[in-house]
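one predicted model, sequence on top.
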Amino acid sequence: MKYIKQSIERPSSDLTHLKESVVSIIDQVRLEGDDALFKFNAQFDLNERKSLRVTEAEIKNAYDHVPVSLIEDLKIASDHIKRFATAQKSTITDLPSFMVAPGIELGHRVVPIESCLCYVPGGNYPLFSSALMLVIPAKVAGVKRVVACSPSVKGTEHIAPETLVALDIAGVDEIYVVGGAHAIAAFSYGTESIKPVDLIVGPGNQYVTEAKRQCYGQIGIDFVAGPSEVMILADDHADPEMLAADLLAQSEHDLLAKGILVTTSETIALQTLQAVENQLKSLETADIARKSWEVFGEIIVIDHLNEGIDLCNRLAPEHLELAIQEPESIIDQLYNYGSLFIGEWSAEVLGDYISGTNHTLPTLKAARYTGGVYVGTFLKTLTHQTIKPEALKKIGPSAYRMAKSEGLHAHANAVDVRLKRL
Ligand SMILES: NC(=O)c1ccc[n+]([C@@H]2O[C@H](COP(=O)([O-])OP(=O)(O)OC[C@H]3O[C@@H](n4cnc5c(N)ncnc54)[C@H](O)[C@@H]3O)[C@@H](O)[C@H]2O)c1
Ligand SMILES: N[C@H](CO)Cc1c[nH]c[nH+]1
Ligand SMILES: [Zn+2]
C-alpha cells in the first residue's frame, strides 16, 4: 500500500472545548427557554426573530421564491424517496403469534414513535434535500407529529425558501427557525414555544452532533451524522475526471469533509490528483473544497483489490463507490459502509438528491453499527406474550429458582402466588 496523498486524522467530536461549549448552550436553554434561543439565534445566525414557528403564509410565500423547475425536481425526488421507504416498510412487519413452547405465545407489533424533530442543516448551505430525506420516511412510518427546524439564512429571519418548500412537499407538521446545539436542546427539553419530541434525527455540524450526543437519553437520536465522506474503490478502467468530481463533491460540504480514493492503478491515482487540481480552479465552492481536500483528502495505491476491500471495511465510510469492472463480484465481501454506489454511473450525488435511498448516513466509522436513517428509524418493535396456566406450571418453577438465586424475592413471589392458584 502506498500513499500518493496522505491526510491527518479528523478530530472526533469529543474535543473538550466543543463538549464544554455545548454543555453550556444546553444548560442555558434549559434555564432560560425561548430567551436563550433568541440570544443564540442572534449570536450565531444574526437572526433577531422573536416568533420561532414558521407560519402558513411564510410557507406559501416561499413557493414564489423557488423556480418551478426546482419544485418539480423536489417532487420527483419525493416520489422516489417515498416509494423506496414504503417498500422498505413492507419488510418490517408484525409477528402476531409465535409459540415458543406449548402455552407460551410470543409476538411483536411494529409501532411508529409519536413525534420527531427533523434537523435540516443550514449553516454552510441550505440542505433542503435533507428535509425530504428526514420528513418523508417519518411520515411513511406513521409518525403523528413530524417537526422540522433549520437555522435562518445568516443575517435574516427566514429559513431558505427551498427548505420551506421541500418541508412542505414532504408533509411536515410544524417548522421552527432555529438551528445549532440550542435547537437540539430546545426540542429535547422544551421551551415556552417549543414542545419537546421523542426522537431527533438528521445531520449537522460539530455543535449539532455533540448536542445530540449530550441530549441522548432525554430523547432518542438516529445516530451521529457528521461531516460528509466518500471513499472510492477504483481500478485501472476508472475515469479520473469522474473520480475527481466525486471526491470534490463531498469535500465541498464542510472543512471537515473527507474524500478517499483507493486504487489498484498508480496512473489513475496520479491522473486523479491532477484532475482534482484542475477542477478546483473553476469550482465556485473551492474555498471550502480545497481546504478539506488538502487536509483530509487521501489517495492510496494498493497492490490488489482485496487490500482495498479490507480498507473499506476498516474505514467504514459513509459513502462507498465501486468504480471497478465487475463491481457486483465483491459486494458480498463489503460489510461496513453507509450506502453503496455500484459501478461508475452510480454517482454518489444521485443518492444525495434523487435516486431514493436516504442520504442521512453514518460518518466517522459509525457505519460499523448502523446503515443510516430509513423508515425503520421511526418504528419501534414492541414485544408481547400470553402465558397459559399449563405453561406457567411448567416454566414457573424455573423462573422462581432463577429469581431466588438472583436474590430477588419479590420476583420469586410473583411466580409463587400464581403457582399456588393453579
Ligand atoms: N452524514 C450525513 O448524512 C450528512 C448529510 C448532510 C450534511 N451533512 C453534514 O452536515 C453538516 C452541516 O453543517 P452546517 O454548519 O452547514 O449546518 P448546521 O445547520 O448543522 O449548523 C449551523 C449552525 O451551527 C451553529 N453554530 C455555528 N457556529 C457555532 C459556534 N461557534 N458555537 C455554537 N454553535 C455554532 C449555529 O446555530 C448555526 O446555525 C456538514 O458537516 C455536512 O457535511 C452530513
Ligand atoms: N452528501 C450529504 C450526506 O453526507 C448529503 C447532501 C445533501 N445535499 C447534498 N448532499
Ligand atoms: Zn452531498
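Structure received. Ligands and ions are numbered 1, 2, ... in the order given.

distance of the residue lying closest to Gly343 once chain neighbours are set aside from Arg314?
Nearest non-adjacent residue to Gly343, counting by C-beta to C-beta, 6 or more residues apart in numbering: Pro327, 5.3 Å away. Where C-beta positions appear, they are placed from N, C-alpha and C, glycine not excepted. Per C-beta to C-beta, to the nearest Å, Pro327 is found 19 Å from Arg314.

around ligand 1, which positions in the stretch 301-422 of the chain sit nearby?
318, 359-361, 363 (C-beta under 6 Å from any ligand atom).

one more time with 5 Å, if that's ok
360-361, 363 (C-beta under 5 Å from any ligand atom).

also the chain?
44-45, 121-124, 151, 179-180, 203-205, 207-208, 225, 227-228, 253-254, 360-361, 363.

returning to that earlier point: which of Pro327 and Arg314 has more neighbours?
Neighbour totals were compared for Pro327 and Arg314, and Pro327 leads with 19 against 11 (other C-beta atoms under 10 Å).

and the pLDDT for the more buried one?
Note for Pro327: predicted pLDDT of 97.

show me where this structure has its strands.
2-5, 95-101, 104-112, 115-119, 145-150, 174-177, 199-201, 220-221, 229-234, 258-263, 298-301, 319-323, 339-342, 379-387 (DSSP state E).

let's have those in JSON lines, adding mean neighbour count and mean pLDDT.
Compiled in JSON lines, the strands of the chain are given as follows (neighbours: other C-beta atoms under 10 Å; pLDDT from 0 to 100):
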{"stretch": "strand 2-5", "mean neighbour count": "14", "mean pLDDT": "92"}
{"stretch": "strand 95-101", "mean neighbour count": "11", "mean pLDDT": "97"}
{"stretch": "strand 104-112", "mean neighbour count": "16", "mean pLDDT": "98"}
{"stretch": "strand 115-119", "mean neighbour count": "28", "mean pLDDT": "98"}
{"stretch": "strand 145-150", "mean neighbour count": "25", "mean pLDDT": "98"}
{"stretch": "strand 174-177", "mean neighbour count": "22", "mean pLDDT": "98"}
{"stretch": "strand 199-201", "mean neighbour count": "24", "mean pLDDT": "98"}
{"stretch": "strand 220-221", "mean neighbour count": "20", "mean pLDDT": "98"}
{"stretch": "strand 229-234", "mean neighbour count": "26", "mean pLDDT": "98"}
{"stretch": "strand 258-263", "mean neighbour count": "27", "mean pLDDT": "98"}
{"stretch": "strand 298-301", "mean neighbour count": "21", "mean pLDDT": "98"}
{"stretch": "strand 319-323", "mean neighbour count": "26", "mean pLDDT": "98"}
{"stretch": "strand 339-342", "mean neighbour count": "20", "mean pLDDT": "98"}
{"stretch": "strand 379-387", "mean neighbour count": "13", "mean pLDDT": "98"}
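
would you list the ones you listed in JSON lines and tack on distance to Ser129?
Shown next, in JSON lines, are the strands of the chain (distance: least, C-beta to C-beta, whole Å):
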{"stretch": "strand 2-5", "distance to Ser129": "29"}
{"stretch": "strand 95-101", "distance to Ser129": "35"}
{"stretch": "strand 104-112", "distance to Ser129": "23"}
{"stretch": "strand 115-119", "distance to Ser129": "12"}
{"stretch": "strand 145-150", "distance to Ser129": "12"}
{"stretch": "strand 174-177", "distance to Ser129": "16"}
{"stretch": "strand 199-201", "distance to Ser129": "15"}
{"stretch": "strand 220-221", "distance to Ser129": "20"}
{"stretch": "strand 229-234", "distance to Ser129": "16"}
{"stretch": "strand 258-263", "distance to Ser129": "19"}
{"stretch": "strand 298-301", "distance to Ser129": "26"}
{"stretch": "strand 319-323", "distance to Ser129": "14"}
{"stretch": "strand 339-342", "distance to Ser129": "14"}
{"stretch": "strand 379-387", "distance to Ser129": "23"}
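
which residues does the residue nearest in space to the middle of the chain contact?
When the chain is reduced to its mean C-alpha position, the nearest residue by C-alpha atoms, centre = their mean turns out to be Thr360, at 3.4 Å. Thr360 makes contact with 130, 133-134, 201-203, 222, 225, 372-373, according to C-beta atoms under 8 Å, 6 or more residues apart in numbering.

ok, and the closest non-adjacent residue to it?
Nearest non-adjacent residue to Thr360 (C-beta to C-beta, 6+ apart): Val373, at 3.8 Å.

before we move on, back to that, as CSV, the residues of the stretch 301-422 of the chain next to ligand 1 with pLDDT would be great.
Shown next, in CSV, are these (pLDDT from 0 to 100):
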residue, pLDDT
Thr360, 97
Leu361, 97
Thr363, 94
